[in-house]
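Engineer: Sequence first, then the predicted structure:
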Amino acid sequence: MNTPPRAVIDACVLYSAPVRDLLIRLSQAGLVQCRWTNEIHEEWMRNVLKNNPRITRERLERTRGLMDDAVRDCLVTEYADLIDSLILPDPDDRHVLAAAIRSGSELIVTYNLTDFPIDVLSAHDIEALHPDDLITQVIESDPDEACVALKQQRESLKNPPLSVNDLLVMFEKQYLAQTVNRLRSFSDRI
């Protein structure tokens, strides 16, 4: 079996509960090695709190703890010494690249691909990838395990329960059109 890709997941991806849940499940299935930092946690949590006043900090702290417990070796530490030496269009993104370098990740998964220029990342043998591309690649690498993870996700959603089509519509709203197109051929297994 191939070694699953190691990927630092940017805060903009973790912001979305459905995508966050799917990536965690795919990581638990051994299809991708998801990584993040406390700084990335703080960023996605801060944005969720800003945009969803009904959600409490305590609830997000619980989610954070569950994420860290669910994915083995997910938390990247001791990367701060690299930040000042990195140059990106948005200096606030340097911590993500530093975490990818320190964790030996080959991917940064982000919706903001332009924030991570190819020439900068390639010097570190890292590639920025849209979550739709990563998830599609993971499904292609092991459709059976991916379908198990997706079925578990769908069946865990009880308020309200989701049909397969509901799940696919939810993913479409998260800019995962390619993933949804691929999953349609596995509808009976999800």
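Structural biologist: The structure has been received and is ready for your questions. Residues are numbered from 1 along each chain as shown.

Engineer: which residues in the protein form helices?
Structural biologist: 11-14, 17-28, 38-51, 57-70, 80-83, 94-103, 118-122, 131-141, 143-156, 164-173, 177-183 (DSSP state H).

Engineer: got a markdown table for those helices, with distance to Thr3 too?
Structural biologist: Every C-beta, even on glycine, is put in place using the N, C-alpha and C of the backbone. Output for those, formatted as a markdown table (distance: least, CB to CB, whole Å):
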| stretch | distance to Thr3 |
| --- | --- |
| helix 11-14 | 21 |
| helix 17-28 | 13 |
| helix 38-51 | 23 |
| helix 57-70 | 20 |
| helix 80-83 | 24 |
| helix 94-103 | 14 |
| helix 118-122 | 20 |
| helix 131-141 | 11 |
| helix 143-156 | 15 |
| helix 164-173 | 26 |
| helix 177-183 | 22 |
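
Engineer: Relative to Tyr111, which of these is closest?
Structural biologist: helix 11-14 (4.8 Å; CB to CB).

Engineer: picking that back up, JSON lines for the helices of the chain, including mean pLDDT and mean neighbour count?
Structural biologist: Converted to JSON lines, the helices of the chain look like this (pLDDT from 0 to 100; neighbours: other CB atoms under 10 Å):
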{"stretch": "helix 11-14", "mean pLDDT": "98", "mean neighbour count": "23"}
{"stretch": "helix 17-28", "mean pLDDT": "97", "mean neighbour count": "21"}
{"stretch": "helix 38-51", "mean pLDDT": "98", "mean neighbour count": "16"}
{"stretch": "helix 57-70", "mean pLDDT": "97", "mean neighbour count": "14"}
{"stretch": "helix 80-83", "mean pLDDT": "98", "mean neighbour count": "14"}
{"stretch": "helix 94-103", "mean pLDDT": "98", "mean neighbour count": "24"}
{"stretch": "helix 118-122", "mean pLDDT": "97", "mean neighbour count": "12"}
{"stretch": "helix 131-141", "mean pLDDT": "97", "mean neighbour count": "20"}
{"stretch": "helix 143-156", "mean pLDDT": "95", "mean neighbour count": "17"}
{"stretch": "helix 164-173", "mean pLDDT": "95", "mean neighbour count": "16"}
{"stretch": "helix 177-183", "mean pLDDT": "96", "mean neighbour count": "18"}
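
Engineer: These: which one's closest to Asn112?
Structural biologist: Nearest of the helices of the chain (CB to CB): helix 11-14, 5.8 Å.

Engineer: can you list contacts of the closest one?
Structural biologist: Outside of helix 11-14, the residues within contact range by CB atoms under 8 Å, 6 or more residues apart in numbering are 19-20, 23, 36, 40-41, 43-44, 47, 96, 109-112, 131.

Engineer: likewise stretch 152-162?
Structural biologist: For stretch 152-162, the surrounding residues in contact (CB under 8 Å, 6+ apart) are 18, 21-22, 25, 164, 167, 170, 190.
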